[in-house]
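[1] One predicted model, sequence on top.
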Amino acid sequence: MIATLLVGMLCVYLLSFSVLFLLISRRLGREKMGMDAFAAGNLALGAAYVLQLLDGPAGSSWLSVVNHACTLGALLAYSVGGLRFFGRSIPLLGPLVALVLGYVAVQLLVEWAWGPVARYALFSAACALWFAAMVVVLLLGLRTFARALRAEALLLAALIGGIGVLNAVKLVKLLKGGLAALSMDGQFQVVFYVYMCSLATIIPPFVVWLVLRRLTDRLRDVAARDPLTRLLNRRGLTEALEPHLRRSGGGGRLLLIDVDHFKRINDRHGHQAGDAVLCAIVDVLRAAVREGDLLCRMGGEEFAAVCLGADAAAAGRVAERIRHAVASTVVLQGPDCEAVRCTVTVGISGAFTDEVSLAKAMRVADAALYRGKRAGRNRVCE
């Protein structure tokens, strides 16, 4: 029978990918990105299909009761895995055991009261509702946690929605035709398991690809950001500016910001205190620049702010706001030292619109910065 063969293929797919997910989760270390939960889901669903093969035709049996409970447990594990992938710390073992045992009890009660058809109908309805909930969460997540993965989330929602629709159709067929609707010789069961095999072929590699994308995105982010302040570094600033420079009329003005007499802070309070001062100044810079402006740590105690689309007056206002905000802020305070304040000197470039004029703007801002240093520091120079 074709449907039975497809179920056997499903078992092989699910159990094989369960091992793969488990191996990946172990290699990921502490942050497993939900791969351990996906492994548990595949294991539970594979076990459910093994029980289905052992059970035979639909009817009253302990194997089918456990099969249905394992399937719902798999859906819970997949849901937890998805939430963990997006950074939610959700427990699995306790809820999984509670769901499986609870659903076994519910099935026994339903079959005792209304018979096996009601139990199978309950299972189809539960699966359809669960898949519908998954689709709703993914669609809502397009504006929040899945914003960076819009195409992937839409594809996953479509695939999950398809199996949800098939479960809803199965529910209708059960209510109309009883357990005969679940005959493995029937056309519907063949279509159902062809679709399930398709999902088992598509989704596991898709999940692995999502994990690889998340890892490469993080590597790219690490390469583009300063590890202490989490600001863009020089490379990150260049990459972040590329789309702005490609736009017609894009560009802006560059501010170079240097902390005055920073070596004195390191010499007097230590390098750990110096790092704390830099982080405090970064907080001030973030509050002082305009929304959409870019901040960068150029190295040491030197920072840069790119005022996108700003004219000379707007850039000057941002620079003065930065200078005044830093001078007004206590950047280090502790039980063993007096309150520490510091100042910054800011050099402003002319406008730039492309990579060539950006390099020139960097030189102009650097020259203005050193004029400000020679003039006494704590000032803005153009």
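    Everything's here; your move.

[2] Which of the residues in the helix or strand that contains residue 364 are classified as buried?
    Per DSSP states H and E: residue 364 is located in helix 355-374. Judged by neighbour count using 16 or more other C-beta atoms under 10 Å, the buried positions of helix 355-374 are 357, 358, 361, 362, 364, 365, 366, 368, 369, 372, 373. Heads up, the C-betas are built off the backbone N, CA and C, glycines and all.

[3] Tell me the gap between stretch 243-262 and the middle of its chain.
    Here the centre of stretch 243-262 is set off from its chain's centre by 29 Å, with C-alpha atoms, centre = their mean, to the nearest Å.

[4] on that earlier part again, columns pLDDT and distance to residue 200 on top of the buried residues of helix 355-374, output as TSV?
    As requested, the buried residues of helix 355-374 are exported to TSV (pLDDT from 0 to 100; distance: C-beta to C-beta, whole Å):
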residue	pLDDT	distance to residue 200
357	87	54
358	88	50
361	91	55
362	92	54
364	93	60
365	93	57
366	93	59
368	93	63
369	93	60
372	92	65
373	91	65
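
[5] now residue 282: how far from residue 297?
    The spacing between residue 282 and residue 297, counted by C-beta to C-beta, to the nearest Å, is 8 Å.

[6] joint contacts of these two?
    Common contact partners of residue 282 and residue 297 (C-beta atoms under 8 Å, 6 or more residues apart in numbering): 229, 231, 303.

[7] does the first one count as helix, strand or coil?
    What DSSP: H, G, I helix; E, B strand; the rest coil gives for residue 229 is coil.

[8] ok, for it, nearest residue in space, not its chain neighbours?
    Excluding the flanking residues, the one nearest residue 229 by C-beta to C-beta, 6 or more residues apart in numbering is residue 282, at 4.6 Å.

[9] how much space between the one you found and residue 293?
    14 Å.

[10] before we move on, the earlier item: and which of the shared contacts of residue 282 and residue 297 is nearest to residue 219?
    Of all the shared contacts of residue 282 and residue 297, residue 219 sits closest to residue 231, with 17.9 Å by C-beta to C-beta.

[11] Show me which of the buried residues of helix 355-374 is closest to residue 175.
    residue 358 (67.9 Å).

[12] quick one: what helix or strand has residue 241 in it?
    helix 234-246.

[13] Can you tell me which helices and strands the next helix-or-strand element following that helix packs against?
    Downstream of helix 234-246, the first helix or strand assigned by DSSP H and E is strand 252-259. Using 3 or more C-beta pairs under 8 Å, 6 or more residues apart in numbering; DSSP states H and E, the elements in contact with strand 252-259 are helix 271-288, strand 302-308, helix 312-327, strand 344-352, helix 355-374.
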